[in-house]
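Engineer: got a structure for you, letters missing:
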């Protein structure tokens, strides 16, 4: 991985990825769509390694959406099997590299055996303190927002929460992502210009990087390039560029390009 010109002091703490293009990668090569998913697992391995090497703290991968349950049953079954087998196979290396595995999503829809095996892998890596690899499985942002809202409504009905107490921080604390910071950078492979019901609350101020490359073709160098582009952007969070530059100057931080 070429890390030239990357400022190791300004690595995004949380990178989220929409891993798109597995099926199209396979079809373009005259292969069954499942071959693309198999190759995509290899990309997960190398991008996890790249994120760990660069010092990213959280890497969240959109692995299987709630909408994906509507795909042909044979493809869904193959995906579930592949995900679990791949995680079990990679768990020893995750432990070796101090990577903790977490999952967000509607676990009630997961096949019981698959969920049990994933929970075992998460338990085995729970002590790791390096990169946290988060799999968004059976996940959709709207599902998570509705779930959080129901939790808050239950508290209100019980008389333990008033309307005046509700703010964005409290709401965020009820989301399944509450254990990690909001993504600094969202990467989407495959070229589509949409966020596909992914981390809708959390990516409000994330920088977005879209590449036409299909996920199986995405390399460590591509990941490093996305980090470079991130570092060359000015994150304003509603302020003017001049305000941001003034704040950076006061804090003796290096300004980014506009």
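Structural biologist: That came through, no problem. Just so it is clear, the model here is predicted, and its values are computed rather than measured.

Engineer: Ramachandran angles for the residue nearest to residue 136 when sequence neighbours are not counted?
Structural biologist: Excluding the flanking residues, the one nearest residue 136 by Cβ to Cβ, 6 or more residues apart in numbering is residue 62, at 4.9 Å. (C-beta placed from N, C-alpha, C; glycine too.) Listed backbone geometry of residue 62 is phi -80, psi 90, with angles given as degrees, to the nearest 10.

Engineer: sec struct for the spatially most central residue of the chain, please.
Structural biologist: By Cα atoms, centre = their mean, the mean C-alpha position of the chain lies nearest to residue 60, the distance being 2.1 Å. Remark: residue 60 carries the secondary structure label strand [criterion: DSSP: H, G, I helix; E, B strand; the rest coil].

Engineer: how close does it get to residue 102?
Structural biologist: Between residue 60 and residue 102 the distance, using Cβ to Cβ, to the nearest Å, works out to 9 Å.

Engineer: residues shared between the contacts of these two?
Structural biologist: Taking Cβ atoms under 8 Å, 6 or more residues apart in numbering as the contact rule, the neighbours common to residue 60 and residue 102 are 134-135.

Engineer: Show me where the stretch 151-258 of the chain has its helices.
Structural biologist: For the stretch 151-258 of the chain, the helices identified by DSSP state H, counting those that start in this stretch occupy 168-173, 220-231, 241-250, in order along the chain.

Engineer: Let me know which of those is tucked in deepest.
Structural biologist: The highest mean neighbour count among these, using mean count of other Cβ atoms under 10 Å, belongs to helix 220-231: a mean of 19.

Engineer: What are the contacting residues of that helix?
Structural biologist: Residues outside helix 220-231 that contact it (Cβ under 8 Å, 6+ apart) are 1-3, 5-7, 10-12, 46-47, 49-51, 54, 184-185, 187, 207, 209, 211, 213, 256.

Engineer: rerun at 6 Å
Structural biologist: If you take Cβ atoms under 6 Å, 6 or more residues apart in numbering as the criterion, helix 220-231 is touched by 1-3, 6-7, 10, 12, 46-47, 50, 185, 187, 207, 209.
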